[in-house]
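> how would this look folded up:
(chains A and B)
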Amino acid sequence: MGKYIAKRVLSGLVTILVLATCCFFLMHAIPGSPFSKGEQGVPDAVMQRLNEKYGLDQPLAVQYARYMENIARGDFGISYKNTSVKVNDLIARGFPVSARVGVLAVIVSLLIGLALGIVSAVRRGSLFDGACMVLATVGVCVPLFVISVLLLYLFAGVLHWLPTYGLSSWRHYILPVACLSFSPVAYIARMTRSSMLEVLEQDYIRTARAKGVAEFFVICKHGLRNAVLPVVTYLGTLIANLLTGSFIVERLFAIPGIGKYFVDSISARDYNIIMGVTLFLGIFVVICNLIVDVAYGIIDPRVKLDG
Amino acid sequence: MDERYAPIDRASLDAEGIARPSQSYWQDAWRRFRRDRLALLGLVVIAAITLLAIFGPMVCPYGYEDADFTCVSQPPSAAHWFGTDALGRDLYVRVLYGARISLSIGVVAALVNMVIGVLYGGIAGYFGGALDNVMMRIVDILIALPSFLYIILIMMLMGSNVRSILIALCISSWIGTARITRSQVVSLKHQEYALAAKLAGASDFEILVRHLLPNAMGPIIVSVMFLIPSAIFSEAFLSFLGIGIQKPMASWGSLANDAIPKLTSAPYQMFFPIAAISLTMFSLNFIGDGLRDALDPKLKK
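Now for the predicted structure:
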């Protein structure tokens, strides 16, 4: 077990190192100094002072070493466009907001997805099963922004039931969370249904039934425990998808989260912020994947620990 | 003796003859695919959208960037089937241009990814050993990162246009194909026909390309088929965020993006692009499912 975890941590570290290196060199591949502002430009002396201040006059290797050192200390740099803006401040302000919406979306996706999957597996071939599978196909095929726009238009534009922007009350969370969890619900329902169908044919389920275990416990205790394993592996992908989704949802619903700041800085071509946030999100996803991998190893002892 | 029990004349029988023409793998797959109604429907829809995308703009009286300020934000009418946008541009023609961009990005990205993925996975799987190990570790590193991160980085570096979207998509999504190809090649390379080819003096490259890859083609085609909708989706995602296709060009994502501020006053501006992309995604996914069941019947539940 220790060896397995060590291997995963090592591979995660390499991933982060590669991403950070890519970010650094991409930033230097973008033509022009970060301080050259259009036609009028900055006076040479000012430019020189700026370059000195931020170490941009140093050789590339020195800059690289300093960049890596800063990241290791958890400092993701500043905006060169507006030097009072730090990437870390943006993260501190935006990430908790995004995380609240994201965690809610994970919980909602899991609860509804698992419930739909279990019921349609148990009532296989019923009308409910059919409806669930249609819903799952819709959720898999229709892009998130289409779903978001439709929900926004229906519940906020036409029916006026729910607020359209901000996060000032619990009602503000309903639409963003619903949009974000729509397609994960579909995936989880599909996955749970097919693995549940497989599990329900196993001998130990028949044994449990023969022993006279109540059907509810057969399904929830003996069945679900084994059927839920593929869903656990999906959690890593889910977190990455929610991050991507947050770019769209936070923009549509004007939520001041990290996704909105990221998209805004892309529109403003604020390269340093983009790189900093990218790196932060990359590290976050790698850590989440690591946790999911290790958790999977603990939940399912059959998993090959050398993998 | 009862005639029914008389021995038949063996000479008249053609015991060695094959009663029906033999079915090749592809004929067999086509027979299975034809039975899948949803997949056939998807094929028809995609064919219709492709034809419209190619020929529609030619017969339409408007160009995709012709602004007409006398009819701004008009709802659908006989003159403008899908209405007009805030600059008075005809939305029907813009949606068709969007189809051109989305479909060509989907197809080109899928083909390039197939070539990269098949070569990468084929080489790793065929040669195995340390090379395989290193190549697969690289894949592990790439797969640990969500692809949108490096897609956005590449878009930043190269600017927002069709070419950089294509390059970004080509760099990011060959991994799935590479993995599938590798696992296929690993399981096929010890088959007798590979050994026979080797004994006959074929080079490694010939064995891989002539003998192993054609036999691994089924699952590879299925995975590439699913790359098309995912490439179209990525382009729409980027354009919807305003960092993909730039004005005055139009893709379904950017049309939807343009329609956001007018969602309540002119919902039809949003409806047509998102209907087009949803229809396409459904059709492509149905075709993909049909192909998977046809080419890889073992996977069928």
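
> how close does the residue lying closest to residue B:204 once chain neighbours are set aside get to chain A?
Distances taken as C-beta to C-beta, 6 or more residues apart in numbering or on different chains put residue B:126 closest to residue B:204, at 6.7 Å, once the chain neighbours are dropped. (Glycine included, C-beta is placed from N, CA and C.) As for residue B:126, its distance to chain A is 22 Å (criterion: C-beta to the nearest C-beta, to the nearest Å).

> what about residue B:72, how many neighbours?
Residue B:72: 14 surrounding residues under other C-beta atoms under 10 Å in any protein chain shown.

> cool, and residue B:162?
Neighbours of residue B:162 under the rule other C-beta under 10 Å: 17.

> do residue A:141 as well
Neighbour number of residue A:141 under other C-beta under 10 Å is 22.

> residues contacting it?
Applying C-beta atoms under 8 Å, 6 or more residues apart in numbering or on different chains to residue A:141 gives the contacts B:229, B:278, B:281-282, B:285.

> 7 Å instead, please
Neighbour list for residue A:141: B:281-282, B:285 [criterion: C-beta atoms under 7 Å, 6 or more residues apart in numbering or on different chains].

> For residue B:87, what is the enclosing helix or strand?
Residue B:87 belongs to no helix or strand when assigned by DSSP states H and E.

> Find the nearest non-adjacent residue to residue A:178, please.
residue A:151 (6.1 Å).

> Sorry, wrong one. I was asking about residue A:190.
residue A:136 (4.6 Å).

> Is the host helix or strand of residue A:95 positioned near chain B?
Using DSSP H and E, residue A:95 sits within helix A:87-122. No. Helix A:87-122 does not reach chain B (C-beta under 7 Å from any C-beta of the partner chain); its nearest approach is 11.8 Å.

> returning to what we had before: so which elements touch the helix or strand where the residue nearest to residue A:178 lies?
If you go by DSSP H and E, residue A:151 is part of helix A:144-151. Helices and strands touching helix A:144-151, by 3 or more C-beta pairs under 7 Å, 6 or more residues apart in numbering or on different chains; DSSP states H and E, are helix A:170-200, helix A:229-252, helix B:267-295.

> Report the angle between that helix and helix A:229-252.
60 degrees (axes from the mean of the first three to the mean of the last three C-alpha atoms, to 10 degrees).

> any low-confidence regions in the chain?
Picked chain A for this. Flagging of chain A using pLDDT under 70 yields the residue ranges A:31-42, A:302-307.

> please go with chain B instead
If you take pLDDT under 70 as the line, chain B has these spans: B:1, B:12, B:15, B:67, B:69, B:73, B:78, B:297-301.

> which residues in it form helices?
Listed in chain order, the helices of chain B (DSSP state H) span B:25-35, B:37-59, B:91-127, B:129-143, B:147-158, B:162-172, B:175-188, B:192-199, B:204-206, B:213-240, B:252-259, B:267-295.

> now, of the ones you listed, which is deepest in the fold?
Burial of the helices of chain B is given as mean neighbour count (mean count of other C-beta atoms under 10 Å in any protein chain shown); helix B:252-259 ranks first at a mean of 26.

> wait, does that one make contact with chain A?
Yes. Interface with chain A: helix B:252-259 contributes residue B:256 (C-beta under 7 Å from any C-beta).

> quick one, what contacts the residue in the stretch 151-300 of chain A that chain B sits nearest to?
Residue nearest to chain B within the stretch 151-300 of chain A: residue A:240 (4.0 Å; C-beta to the nearest C-beta). Applying C-beta under 7 Å, 6+ apart, one finds that residue A:240 lies in contact with A:285, B:146.

> Just the C-alpha atoms of stretch B:159-171, please, in PDB.
C-alpha atoms of stretch B:159-171 as PDB (Å, rounded to 0.1, in the frame of the first residue of the first chain):
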ATOM      1  CA  GLY B 159      -4.200  33.400 -31.000                       C
ATOM      2  CA  SER B 160      -7.900  32.700 -31.400                       C
ATOM      3  CA  ASN B 161      -8.500  31.200 -34.800                       C
ATOM      4  CA  VAL B 162      -9.500  27.900 -36.400                       C
ATOM      5  CA  ARG B 163      -5.900  26.900 -36.900                       C
ATOM      6  CA  SER B 164      -4.900  27.200 -33.300                       C
ATOM      7  CA  ILE B 165      -8.100  25.400 -32.200                       C
ATOM      8  CA  LEU B 166      -7.200  22.500 -34.500                       C
ATOM      9  CA  ILE B 167      -3.700  22.400 -33.200                       C
ATOM     10  CA  ALA B 168      -4.800  22.500 -29.600                       C
ATOM     11  CA  LEU B 169      -7.300  19.700 -30.200                       C
ATOM     12  CA  CYS B 170      -4.800  17.600 -32.000                       C
ATOM     13  CA  ILE B 171      -2.300  17.900 -29.200                       C
END
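
> contacts for that stretch?
By C-beta under 7 Å, 6+ apart, stretch B:159-171 touches B:101, B:105, B:108-109, B:112-113, B:116, B:150-151, B:154-155, B:158, B:231, B:234-235, B:238, B:243-246.

> Near chain A, which residues of the stretch 151-300 of chain B are found?
B:152-153, B:156-157, B:233, B:236-237, B:240-243, B:256, B:263-264, B:267, B:270, B:274, B:277-278, B:281-282, B:285.

> circling back: out of the helices of chain B, flag the one nearest residue A:44.
helix B:147-158 (27.1 Å; C-beta to C-beta).

> For that closest one, C-alpha coordinates in PDB please.
C-alpha atoms of helix B:147-158 as PDB (Å, rounded to 0.1, in the frame of the first residue of the first chain):
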ATOM      1  CA  SER B 147      -7.300  18.900 -21.600                       C
ATOM      2  CA  PHE B 148      -8.900  22.300 -21.400                       C
ATOM      3  CA  LEU B 149      -6.000  23.600 -19.400                       C
ATOM      4  CA  TYR B 150      -3.500  23.100 -22.200                       C
ATOM      5  CA  ILE B 151      -6.000  23.900 -24.900                       C
ATOM      6  CA  ILE B 152      -6.500  27.300 -23.400                       C
ATOM      7  CA  LEU B 153      -2.700  27.800 -23.000                       C
ATOM      8  CA  ILE B 154      -2.100  26.900 -26.600                       C
ATOM      9  CA  MET B 155      -4.900  29.300 -27.700                       C
ATOM     10  CA  MET B 156      -3.300  32.000 -25.700                       C
ATOM     11  CA  LEU B 157       0.000  31.400 -27.400                       C
ATOM     12  CA  MET B 158      -1.200  31.100 -30.900                       C
END
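
> That'll do, ta.
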